[in-house]
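1. pasting the structure only:
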């Protein structure tokens, strides 16, 4: 395996955590939104990750497809909306209810912290790999 594969692996992890941060930010931004219809209320979104194993290319080139993290899709929550009685709200239905998304702000903040730290760890992998490559190049000097 090439020394440069560490950069590819870390970059795929950074891209995946970036998607996770974006979906979490979207969930937090819409956590207080309401709707007059439970079918149209915002649904929380979460990315689905897949670990990709290293494989040999089938075209005879000898090149390897390295291990990586891949976002295979975005899962939309199926949790039911919570109903709140607010008859004065202009979005309220005929019974006076508005519907809020079932987004747990505490869970979303934990997701955001976890994704941010995972992103930072991948940056550190890149920095360490760079330093090791530079140290290897300096071996011949001297």
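-> Perfect, thanks for sending it. A quick note: this is a predicted structure, and the numbers were derived from the prediction, not measured.

2. C-alpha from now on. contacts and neighbour counts both.
-> Will do.

3. what's the next secondary structure element after the helix or strand of the chain with the lowest mean pLDDT?
-> Within the chain, no helix or strand scores below strand 64-65, which has a mean of 62 by mean pLDDT, DSSP states H and E. Scanning forward in sequence from strand 64-65 by DSSP states H and E, the next helix or strand is strand 68-76.

4. what's the offset of the helix or strand hosting residue 22 from the middle of its chain?
-> Taking DSSP H and E as the definition, residue 22 sits inside helix 5-29. Distance of helix 5-29 from its chain centroid, counting by Cα atoms, centre = their mean, to the nearest Å, is 5 Å.

5. For residue 127, see how far away the spatially most central residue of the chain is.
-> In the chain, the centroid-proximal residue (Cα atoms, centre = their mean) is residue 20; its distance is 1.4 Å. Separation of residue 20 from residue 127 (Cα to Cα, to the nearest Å): 22 Å.

6. now residue 54
-> From residue 54 across to residue 127, the span is 22 Å (Cα to Cα).

7. And residue 19, by the same measure?
-> Look at residue 19 and residue 127: by Cα to Cα, they are 22 Å apart.

8. longest helix anywhere in the chain?
-> In the chain, with assignment by DSSP state H, the single longest helix is helix 105-138.

9. buried set for that one?
-> Applying a neighbour-count criterion of 16 or more other Cα atoms under 10 Å, one finds 108, 111-112, 115-116, 118-119, 122-123, 125-126, 129-130 buried in helix 105-138.
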